[in-house]
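Undergrad: have a look at this prediction, sequence included:
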Amino acid sequence: MWLIAVVALTTSAASGQVRVEHKVTLDEAVELALENHQQLKLSKANVSFNRAQQDVAEQQRLPTATFSASALYLGDALVLNTDFSKLQTVEMPNFGNSFAVQASQLLYKGGAIKKSVELAGLQTQLAELDLENDVQSIKFLVVSNYLDICRVLNQRQVYEQNRVLAEQRLANVLKQYEQDMVTRNEVIRGELQIKNLEQSILTARNNHAILSNQLSYALGLPDDVLIIPADAIGRPQVQAQSHYVDLARRVHPVIRSADQQIGMAEKNVSLIKTDRIPAVSAFGGYNMQRPLTTSTPVMDLYNNTWQVGVTLSYNIDNLFRTKKRIQVGERQTAIAREAWGLTLQNIDMGINAAYTKYWEAVQQEKLMEESKRLANENYQIVEAKYLNQLAITAEMTDATNAKLEAELQHANAAIGVLFQYYNLLKSTGTL
């Protein structure tokens, strides 16, 4: 496992900004991202929008009802002779008004309303699956940044440990220089090595600040905090590759979205086919109108009527248009099926690549651990010879560089194992 360097208060060398450390575990970081990441807020809003549309589609089951009222001025009737000359003027009730209530209910159209509601439900489910997929992406983003911070802190600790050794070695060289046992050149070499290590430490510190700033946006934290990993992540237990393939085919949101696309295409075809079927509706109404113009003379009374019945309607042009629309819908269904197959292939290939890379990272860690052991052993031997003036400066420099490089590679390899494990989980949609 790696070690994590802890700082209480850090000043960014690039900007001079004081950053206060904020310790966060990986689980806490993921939870904060799921609560605050802007992409997830957008995805959740899209889910709410589709649910509202589904509610609107459900309202198609309800009957339609209208109410109307009118007021009018009715002029006196002018009676003319056959030669269009005025015969007389008949006085009429001049004020008139009417009230009407109408209601209708679709009884049957091949299940068009039911299929429309089901299609809206599938669209809502698709939006929910998009949200699940975005959750997977955000989790992986947070895990990647978190592990990058761990990697940078490990590198910094390696540099600082080697700086301590370099300072101790320089102190010994200075003693030898005072005794005229070595030249000034040896002292300069030691000082340059320390400066190089300090430059690497500065770079690691700034990289930590940059990564922390990027992660703080995802977590919804202030941008002046310096995120410090608060726990060590345990080594994962990995199962056979077939387990992850089966798991992905059951739960991966991308595969389930492809399934939903097929379902939506099939439902759309069945909805189009309902246009071949006539619509049967029930209706009813009540009307109240004055004056009563059907009598002679016209009387200032309300005429009240009501009616109920059934209507049958059919768009004749659907006999010619529906067939082509069904063909288009069936082609969309075929495309959705092919897309499902391609999605399955891509998921399988992604799992295979992630699984292979995980075990490659495990092997690399073992190799780097052995390299680190050999480099440290070589360093100890050369250092003892150097202090006893049995080795030249070039040998000491080579041993120091080899030790530093091996320690950095080992620290990176340990983080690489964890990264590849989480990448494997993401490839199955179960991160």
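TA: Perfect, thanks for sending it.
Undergrad: tell me where the stretch 151-300 of the chain has helices.
TA: In chain order, the stretch 151-300 of the chain shows helices spanning 184-219, 241-251, 253-273, with DSSP state H, counting those that start in this stretch as the criterion.
Undergrad: make TSV out of these and add mean neighbour count.
TA: Just so you know, the C-beta spots here come from the backbone N, C-alpha and C atoms, and that holds for glycine as well. Rendered in TSV, the data for the helices of the stretch 151-300 of the chain read as follows (neighbours: other CB atoms under 10 Å):
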stretch	mean neighbour count
helix 184-219	17
helix 241-251	15
helix 253-273	19
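Undergrad: out of the ones you listed, flag the one nearest residue 418.
TA: Counting by CB to CB, residue 418 lies closest to helix 184-219 out of the helices of the stretch 151-300 of the chain; the figure is 15.6 Å.
Undergrad: quick check: mean pLDDT of the closest one?
TA: Helix 184-219 comes out with an average pLDDT of 87.
Undergrad: which SS class is residue 311?
TA: Classification of residue 311 by DSSP: H, G, I helix; E, B strand; the rest coil places it in strand.
Undergrad: repeat for the one 4 residues further on
TA: Of the three states, residue 315 takes coil according to three-state DSSP.
Undergrad: for the protein, longest strand please?
TA: Ranked by residue count and defined by DSSP state E, the top strand of the chain is strand 95-108.
Undergrad: part of a helix, is residue 306?
TA: No: the assignment for residue 306, made by three-state DSSP, is strand rather than a helix.
Undergrad: what residue ranges in this protein score low on pLDDT?
TA: Segments of the chain classed as low confidence (criterion: pLDDT under 70) are 1-18.
Undergrad: centre-most residue in the chain?
TA: By CA atoms, centre = their mean, the chain has its centre lying nearest to residue 134, at 1.7 Å.
Undergrad: tell me, how many residues neighbour the closest residue in space to that residue that isn't next to it in sequence?
TA: Excluding its sequence neighbours, the residue lying closest to residue 134 (CB to CB, 6 or more residues apart in numbering) is residue 43, at 4.6 Å. In terms of burial, residue 43 registers 20 neighbours under the definition other CB atoms under 10 Å.
Undergrad: so residue 43 is in which element?
TA: Assigning secondary structure by DSSP states H and E places residue 43 in helix 38-58.
Undergrad: please name the residues that touch the residue nearest to residue 134.
TA: Neighbour list for residue 43: 127, 130-131, 134 [criterion: CB atoms under 8 Å, 6 or more residues apart in numbering].
Undergrad: residue 88 belongs to a strand?
TA: Yes: counting by three-state DSSP, residue 88 is part of a strand.
Undergrad: tell me the bridge partners for it.
TA: residue 79 (DSSP bridges).
Undergrad: hang on, isn't it packed against residue 79?
TA: Yes: shown here, residue 88 and residue 79 form a contact pair, counting by CB atoms under 8 Å, at 4.9 Å.
Undergrad: kindly indicate whether residue 83 is helix, strand or coil.
TA: Note that with three-state DSSP, the state of residue 83 is coil.
Undergrad: check contacts around it.
TA: Residues in contact with residue 83, defined by CB under 8 Å, 6+ apart, are absent; none qualify.
Undergrad: quick check on it: phi, psi?
TA: Comment: the main-chain dihedrals of residue 83 come out as phi -90, psi 20, following degrees, to the nearest 10.
Undergrad: what's the separation between it and residue 235?
TA: Taking CB to CB, to the nearest Å as the criterion, residue 83 is separated from residue 235 by 113 Å.
Undergrad: again, but for residue 177
TA: Plainly put, residue 177 is 47 Å away from residue 235 if you go by CB to CB.
Undergrad: and what of residue 162?
TA: From residue 162 over to residue 235 (counting by CB to CB), the distance is 26 Å.
Undergrad: neighbour count for these two, which is higher?
TA: Counting neighbours by other CB under 10 Å for residue 162 and for residue 235 shows that residue 162 has the greater number, 23 against 12.
Undergrad: next up, phi/psi of residue 233, please.
TA: Dihedral angles of residue 233 (phi, psi; degrees, to the nearest 10) stand at phi -80, psi 130.
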